[in-house]
Structures are given as C-alpha cells and as structure tokens.
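S.K.: I'd like to go over a predicted model; first the sequence, then the structure.
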Amino acid sequence: MGKIIYIIRHAEAEGQDKDAVLTLRGESQAKELVDFFKNKNITYIYSSPFKRAIQTIKPLAESLHKEVILEDNLRERLLSTTNFPDWKEKLAATFSDDDLSFEGGETSKEASVRIRKLVDELPTSSIIVTHGNIMALLLRSYDSSFGFTEWESLSNPDIFQLIIKANDISLKRIYNK
C-alpha cells in the first residue's frame, strides 16, 4: 500500500506578503478546485498559514467537510530579508547551489529538508497547499530535473500528484491553469 499526496500551489493572489489575499480570479480558481477534487478520496488537507493558501483551499475543504490543518512548514521559502531588484537571478542561483543563502534567508537545502520531512510523514490521500518556490524545491527533491526553468513554468494554481509505493515514486502534473 502506498500513499497519494496532492501538492497545490495557491491560486492567483494580490502579492507575495503572507497576508496577501486572492484576486477575484484567484477566488474563482479556488472554487474550480471543488469540481476537480470531487471524485478523489481526500482524507486530510494541510495548508501554509499564509492567507492566499488558506483562501485557495477553503471552498474545497468546506465542500468535503474537512478541517484545514495549518502547517508552518508549508510556508513559502524566505529567499532573504532584503528586497533585491535582481531577486529572480538570485533565486535562479539557489537552484544551482543548494547551500547558497542571502541575508536572513533559507538555503535551498534547508527549505527542501523542511518541506520534504513534512511530506514524508503525511498520511495517504492528503492535500497540501503551498507556494511556488518551496513547491519547486519539494518537487526537485523527488525529481532532480525539476529546476529554476520548471519553477518559472508553474501556474497559479498548479497541482502535482505524488504517489509513493515502497521505493517507487510517481510524480506528475495533473492540473495547470
């Protein structure tokens, strides 16, 4: 017996701050997830504590009568406490060097370990709602070919299905807007 984990990147939001809310389009996208998941057997729903992640999963959780379990390890990876005009280039560099860090930020390795440990401990048929950078690092921990270019191709929302059976791992994108 294995386990299935659905990894969701939050819907379209008004910004990157932890209190940023979904746009009107993002609210509509969140409602679309209800239909997408209606025939899937979901046991648990975990979310980043950031408002946009919670708002993304709330309609689905309500329709399934499930509690949203807030999990700090699903929060976005902090690249730095400094705002860089060239943040995208700095982010790209962290995909090439797992130990590279910027002032006040996490390395790719630290963030990967944080989220991977959580996912490895999750029960089967779980949904996690998280953010683009930390999601990309998680996906890369299962598929080493997932890098900066793949991060750039992530949409809001985006869903990957992770199936783990013994030593066999299957990872595939199942929803992309």
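M.R.: Yep, it's here. Numbering: from 1, shown residues only.

S.K.: Which secondary structure element is home to K18?
M.R.: Assignment of secondary structure by DSSP states H and E places K18 within no helix or strand.

S.K.: Look up how far I7 lies from it.
M.R.: Computed with C-beta to C-beta, to the nearest Å, the distance linking K18 and I7 is 20 Å. Using the backbone N, CA and C atoms, a C-beta is placed for each residue, glycine as well.

S.K.: Which one of those two is surrounded by more residues?
M.R.: When neighbours are counted by other C-beta atoms under 10 Å, K18 and I7 differ, and I7 comes out ahead with 24 against 14.

S.K.: who touches the most centrally placed residue in the chain in this structure?
M.R.: The central residue of the chain, meaning the one whose C-alpha is nearest the mean C-alpha position (C-alpha atoms, centre = their mean), is T130 at 3.0 Å. Shown in contact with T130 (C-beta atoms under 8 Å, 6 or more residues apart in numbering): I7, I8, R9, H10, S47, S48, A53, L74, R75, E76, I115, L138.

S.K.: Let me have the residues you listed in JSON lines, extended by distance to K31 and pLDDT.
M.R.: Rendered in JSON lines, the data for the contacts of T130 read as follows (distance: C-beta to C-beta, whole Å; pLDDT from 0 to 100):
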{"residue": "I7", "distance to K31": "20", "pLDDT": "98"}
{"residue": "I8", "distance to K31": "14", "pLDDT": "98"}
{"residue": "R9", "distance to K31": "16", "pLDDT": "98"}
{"residue": "H10", "distance to K31": "14", "pLDDT": "98"}
{"residue": "S47", "distance to K31": "16", "pLDDT": "98"}
{"residue": "S48", "distance to K31": "19", "pLDDT": "98"}
{"residue": "A53", "distance to K31": "16", "pLDDT": "98"}
{"residue": "L74", "distance to K31": "21", "pLDDT": "98"}
{"residue": "R75", "distance to K31": "24", "pLDDT": "97"}
{"residue": "E76", "distance to K31": "23", "pLDDT": "97"}
{"residue": "I115", "distance to K31": "26", "pLDDT": "97"}
{"residue": "L138", "distance to K31": "25", "pLDDT": "98"}
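
S.K.: So which of these is the closest to V34?
M.R.: Comparing the contacts of T130 against V34 with C-beta to C-beta places I8 closest, at 12.7 Å.

S.K.: how deep is G104 tucked in, by neighbour count?
M.R.: In terms of burial, G104 registers 10 neighbours under the definition other C-beta under 10 Å.

S.K.: Skip the chain neighbours and tell me the closest residue to it.
M.R.: Across the structure, with C-beta to C-beta, 6 or more residues apart in numbering as the measure, the residue nearest G104 apart from its sequence neighbours is T81 (3.0 Å).
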